[in-house]
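A.B. asks: here is the input, now give the coordinates:
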Amino acid sequence: MDRYSIIRGKKYKKPIDWKGKKKKCLQISVKIMESVYYFVYFFINVDFWVMNNRLNIAWDKKLNELMEQYSFRCGNTSARANLGDYVIWIENYPYAAFTCMEPPISGRPKRATILKAYKKLTMDQCNYDKP
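C.D. replies: Okay, the predicted model is just below:
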């Protein structure tokens, strides 16, 4: 026992071992802050309130994977872009943008993924006019 715990008459508690836990706590706090940011952003921007298609979680995950691996290549029309082997509808932002045309996959990605994909599309210098 520690001499201070003997003097106080209490059981000694070991200090918290923060090895590796600080990084995990910071990662969790960053995720929380990011989710709060997106909640406020989508609450303020009325354009994101109504979407044309239903949410498709599988397409959301696949679009995120494709965006990590490839960059957008613009097709011969301004309404479609290629991302790997997929043809993606990029018009009508944010209501129906980033839905899959080829192969046909119904649904849309999450609102945060649509925003992320739009930023990537503009960084890839596709011929796309800002709304």
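A.B. asks: mind listing what's buried along the helix ranked longest in the chain?
C.D. replies: Determined from DSSP state H, the single longest helix within the chain is helix 21-44. Going by neighbour count (16 or more other C-beta atoms under 10 Å), the buried part of helix 21-44 is Phe42. Quick note: C-beta positions are derived from backbone N, CA and C, even for glycine.
A.B. asks: quick one: that helix to chain centroid distance?
C.D. replies: Taking the mean of its C-alpha atoms, helix 21-44 sits 11 Å from the chain's own mean (C-alpha atoms, centre = their mean, to the nearest Å).
A.B. asks: report the mean confidence score over that helix.
C.D. replies: The average pLDDT for helix 21-44 rounds to 82.
A.B. asks: and that helix, what does it pack against?
C.D. replies: Secondary-structure packing of helix 21-44 (3 or more C-beta pairs under 8 Å, 6 or more residues apart in numbering; DSSP states H and E): helix 111-123.
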